[in-house]
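Enquirer: this one's sequence-less:
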């Protein structure tokens, strides 16, 4: 007979299977904490309930307790060694927390008991790609597609892997097939367009973005990238919706991707800070403007009596918060935020943020107003050439580059004294070096 669980109302009792169904329903609805509490109550009655261990493990991972979640999934697998779904989900947790070897092992274990599960094959292929085992990843995706040729995500991930192998035409075909099968596949549209513009086929990339907008007319990413590739209706800055959508998607992989691209912008900016601020004394009010995942936070913390981070992306701010170095993290648009912070900061640093602004006048003026007398504004931009007109240009990848002469003029108009404006490389992208500007300006007597 099924054991009984007493509800919050002492007159209500449900069986363990009934409680499990309630918890799964709440879990699917996104009520993760409520579901987790029910799983815990089930385990209080039956510590060896494999399904409760499994789904509580997933819930804990979703609540930021990944190590505890993985431990529960391992316990479920000790009890039921052929529990393929639990092994697959253990792989997902390990993949998302950076243990790619462990994830591969978990996926392979799941496939021992369920060899034709195309979702697990897809997951395994992604991990193999991330581990650099590209030929093995292609074989895995092709094996899965032989089982289910209408699986759009398999085609998309095959395209990603073929792209890394330099098999451009095959990758383009795979992306197109993903879109045919799943016409709202945002990442397939984006990656197809990106691959075309990297190949110098901007006109074709623009057509991809037009097709995307037909399917999703309000999509800010499609709209911005169409402007970037078509050179039509170019905005003065990227929209808030574009920036938030781009970086919410990018948040979980941002640090790893930047490491692979030899990302130097934070180090260059912090070198500039050291040059003008000297040895850190923990006395400054510091703003990390466009803080992202908080890469600069640990480097800025020794200078700061109070360290504030601002960003548009919830996903990026979640990652920044996990570093434990910021006193305040604020989700808001940067120019409007700065305009409300009169004479508050001794140092404002902005790394790879102002490249999402074309026209810099408003944001630089707001930064000047937020600086105390003697305060410093340190920022990076992507370098462009002086064209004698606007001083900035929107590039097909969606970011703006800026001419040094234009930057000097804008800083001067805001009442800031340019101390240095150097040129250096910020990172690699598409096999090319991205040249940048590192600006240091001071707020002198007002």
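Expert: Thanks, I have it. Because the structure is predicted, anything quoted here is derived from the model rather than measured.
Enquirer: give me the low-pLDDT residue ranges for this structure?
Expert: 1-12, 387-389, 445-446 (pLDDT under 70).
Enquirer: Strands of that one, start to end?
Expert: Remark: strands assigned in the chain by DSSP state E are 4-6, 13-15, 284-289, 304-311, 328-331, 345-350, 371-384, 392-394, 400-403, 417-429, 432-442.
Enquirer: Residues touching the third one, excluding its own?
Expert: Strand 284-289 is contacted from outside by 277, 294, 296-297, 300, 303-310, 326, 334, 338, 341, 344-350, 353, 367, 370, 372, 379, using Cβ atoms under 8 Å, 6 or more residues apart in numbering. For glycine as for every other residue, the C-beta is placed from the backbone atoms N, C-alpha and C.
Enquirer: Emit the PyMOL select command for whichever of those are buried.
Expert: This is how PyMOL selects the buried members of those, with burial counted by 16 or more other Cβ atoms under 10 Å:
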select buried, resi 277+294+296+297+300+303+304+306+307+308+309+310+326+334+338+341+344+345+346+347+348+349+350+353+367+370+372+379
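Enquirer: any idea which of the strands of the chain is most buried?
Expert: Stretch with highest mean neighbour count among these: strand 284-289 (a mean of 27; mean count of other Cβ atoms under 10 Å).
Enquirer: Determine the angle, from 0 to 180 degrees, between that strand and strand 304-311.
Expert: 10 degrees (axes from the mean of the first three to the mean of the last three Cα atoms, to 10 degrees).
Enquirer: neighbouring strands for strand 284-289, and are they parallel or not?
Expert: With DSSP bridges as the test, strand 284-289 is paired with strand 304-311 (parallel), strand 345-350 (parallel).
Enquirer: Now do the last one: distance to the chain's middle.
Expert: It refers to strand 345-350. 24 Å (Cα atoms, centre = their mean, to the nearest Å).
Enquirer: Near the closest residue to residue 211 other than its chain neighbours, how many other residues are there?
Expert: Excluding its sequence neighbours, the residue lying closest to residue 211 (Cβ to Cβ, 6 or more residues apart in numbering) is residue 189, at 7.5 Å. As a burial measure, residue 189 scores 25 neighbours (other Cβ atoms under 10 Å).
Enquirer: check contacts around residue 189.
Expert: 179, 208, 209, 211, 212, 222.
Enquirer: Out of the residues you listed, give me the one that has the most neighbours.
Expert: In these, the most neighbours by other Cβ under 10 Å go to residue 208, 28 neighbours.
Enquirer: Show the contacting residues for that one.
Expert: 189, 192, 193, 196.
Enquirer: Quick check: the gap between it and residue 42.
Expert: Per Cβ to Cβ, to the nearest Å, residue 208 is found 49 Å from residue 42.
Enquirer: got it, and residue 249?
Expert: Going from residue 249 to residue 42 by Cβ to Cβ gives 35 Å.
Enquirer: ok, back up a step: and the strands of the chain as CSV, adding distance to residue 140?
Expert: Shown next, in CSV, are the strands of the chain (distance: least, Cβ to Cβ, whole Å):
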stretch, distance to residue 140
strand 4-6, 42
strand 13-15, 41
strand 284-289, 40
strand 304-311, 36
strand 328-331, 38
strand 345-350, 42
strand 371-384, 37
strand 392-394, 38
strand 400-403, 39
strand 417-429, 28
strand 432-442, 30
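Enquirer: Ok, which of those comes nearest residue 237?
Expert: With distances scored as Cβ to Cβ, the stretch of these nearest to residue 237 is strand 400-403 (7.8 Å).
Enquirer: Show me what that closest one is packed up against.
Expert: Packing partners of strand 400-403 (3 or more Cβ pairs under 8 Å, 6 or more residues apart in numbering; DSSP states H and E): strand 371-384, strand 392-394.
Enquirer: Which other helices and strands does the last one contact?
Expert: Strand 392-394 makes packing contacts with strand 400-403 when contacts are defined by 3+ Cβ pairs under 8 Å, 6+ apart.
Enquirer: and the strand it packs on, which strands flank it?
Expert: Strand 400-403 has these strand partners (DSSP bridges): strand 371-384 (parallel), strand 392-394 (antiparallel).
Enquirer: what's next to the shortest one, contact-wise?
Expert: Okay, so that is strand 392-394. With Cβ under 8 Å, 6+ apart as the criterion, strand 392-394 contacts 227-228, 234-235, 358-360, 384, 387, 400-403, 406.
Enquirer: How far off centre is that strand?
Expert: With Cα atoms, centre = their mean, you get 24 Å for strand 392-394.
Enquirer: Equivalent analysis for stretch 408-416, please.
Expert: Distance, stretch centre to chain centre, for stretch 408-416: 32 Å (Cα atoms, centre = their mean).
Enquirer: How about stretch 171-179?
Expert: 23 Å.
Enquirer: Contacts only, for residue 71.
Expert: Counted by Cβ under 8 Å, 6+ apart, residue 71 has contacts residue 57.
Enquirer: Report the separation between it and residue 23.
Expert: Going from residue 71 to residue 23 by Cβ to Cβ gives 19 Å.
Enquirer: same deal with residue 342?
Expert: 51 Å.
Enquirer: again with residue 30
Expert: Applying Cβ to Cβ to residue 30 and residue 23 gives a distance of 13 Å.
Enquirer: Take the contacts of strand 392-394 and lay them out in a markdown table including distance to residue 263.
Expert: Formatted as a markdown table, those follow (distance: Cβ to Cβ, whole Å):
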| residue | distance to residue 263 |
| --- | --- |
| 227 | 26 |
| 228 | 22 |
| 234 | 27 |
| 235 | 26 |
| 358 | 23 |
| 359 | 26 |
| 360 | 22 |
| 384 | 20 |
| 387 | 28 |
| 400 | 19 |
| 401 | 17 |
| 402 | 19 |
| 403 | 23 |
| 406 | 25 |
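Enquirer: wait, which of those is closest to residue 282?
Expert: Closest to residue 282, out of all of the contacts of strand 392-394 and judged by Cβ to Cβ, is residue 360, at 30.9 Å.
Enquirer: ok, residue 342 and residue 23, which is more surrounded?
Expert: Shown here are residue 342 and residue 23; by other Cβ under 10 Å, residue 23 has more neighbours (25 against 11).
Enquirer: Give me the domain ranges for this structure.
Expert: Following the TED database, one gets these domains for the chain: 16-236, 250-443.
Enquirer: right, so of those domains, which gets closest to residue 244?
Expert: domain 250-443 (4.7 Å).
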